[in-house]
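1. pasting a predicted model and its sequence here:
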Amino acid sequence: MTTRLYTHPIYLEHLTPAGHPERPDRLRAIERILDEEGFEDLDRKEAPEGDEETITYAHPGGFVEGIKARIPEEGIARIDSDTTVSPKSWQATLTAIGAANAAVDDVFAGTVDNVFVASRPPGHHAEKVTAMGFCLFNHAAIAARHAQRKHGAERVAIVDWDVHHGNGTQDIFWDDPSVMYCSTHQMPLFPGTGAKTETGTGNIVNAPLTAGADGDVFRDAFLSRVLPALDDFRPDLVIISAGFDAHHRDPLAEINLVEEDFDWATAQLMERAHRWAGGRLVSILEGGYDLHGLAFSVGAHVRRLMKG
């Protein structure tokens, strides 16, 4: 297997207030783990800056311009109580979008088997016209639209195992049967969405987990809801919204996964990608706020992407 990694130093320059969980040290922890023995064959590329026009694949132009206008010349500005921007945030999020779209191009061209995008800020809470939950724009949603527009993908599946429900991705694709959104997440928890009854046009599959759930419960949610839905949908591309805050060490939630659970879930999604999508799989970093849990979970995830 050839696995590509996209990252960029600009992601470290998206600054948040002191004590904020979504901080540059998250990427530093990932960089350290992926520099260890066993990752020598990882195909490392500097993420390209994205085309601003592609943001409008998932968000209206007026909203895009409104976020751009909020970027301060110095210091930190608040979008809401949790979501902030600093002088380099526009370039950081544009480069995150560029990496996600380049990853889609790579797997459709067949130059690599799969791609992991280690970027920030995250994206899955960004709704069509609302930035929230540390997120400005929805990178996974933009990448899905890019696959459809540039590569003719008829069906794209986004699987989100972040511990917080991806309300933004659900909002963007709520009435679009060409994109399936599947999510495992703790409920009740921020942002308050993600009930099983939220089904869109039949393309939304939520598998909420209660506080204290462990790997067995998580795996059962995959086996009973997520994987059968993917088999019915038969996607041309699988995108993972790869948050690692369901790890038992994470301070923002109460799900008790370990690294082996992320390894297992990665293998299951790779198998579905090979079954239906010619192996095409793109993984985009979302949450994960305990540095140890994040680093070792990403290590397990990327190691599985590399091994097959």
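-> Received it, and whenever you're ready, just let me know what you need.
2. now do the helices in the stretch 101-250 of the chain.
-> For the stretch 101-250 of the chain, applying DSSP state H, counting those that start in this stretch gives helices covering 139-151, 167-173, 215-221, 227-233.
3. can you redo these as CSV with mean pLDDT, mean neighbour count and distance to H59?
-> Glycine gets a C-beta too; all of them are placed from N, C-alpha and C. Listed next are these as CSV, based on pLDDT from 0 to 100; neighbours: other CB atoms under 10 Å; distance: least, CB to CB, whole Å:
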stretch, mean pLDDT, mean neighbour count, distance to H59
helix 139-151, 98, 25, 8
helix 167-173, 99, 25, 8
helix 215-221, 98, 17, 30
helix 227-233, 98, 17, 24
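4. G202: which of the ones you listed is closest?
-> Across these, G202 has its closest neighbour in helix 227-233 (9.4 Å, CB to CB).
5. ok, and what's touching that closest one?
-> 155, 157, 159, 180, 182, 203, 205, 238, 268-269, 272, 275-276 (CB atoms under 8 Å, 6 or more residues apart in numbering).
6. what's the answer for stretch 55-64, then?
-> 52, 94, 97, 126, 128-129, 137-138, 141-142, 145-146, 149, 172.
7. ok, those vs A195, which is closest?
-> Nearest member of the contacts of stretch 55-64 to A195, counting by CB to CB, is I172, at 18.0 Å.
8. so what's the closest one up against?
-> Contacts for I172 (CB under 8 Å, 6+ apart) come out as 58, 127-128, 138, 141.
9. now these as CSV including distance to A77?
-> Listed next are the contacts of I172 as CSV, based on distance: CB to CB, whole Å:
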residue, distance to A77
A58, 23
E127, 20
K128, 22
N138, 20
A141, 24
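10. list only buried entries from those residues.
-> Among those, those that count as buried by neighbour count (16 or more other CB atoms under 10 Å) are 58, 127, 138, 141.
11. dump these to JSON lines, plus distance to L42.
-> Supplementary listing: the buried ones among the contacts of I172 in JSON lines, determined by distance: CB to CB, whole Å:
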{"residue": "A58", "distance to L42": "29"}
{"residue": "E127", "distance to L42": "33"}
{"residue": "N138", "distance to L42": "26"}
{"residue": "A141", "distance to L42": "26"}
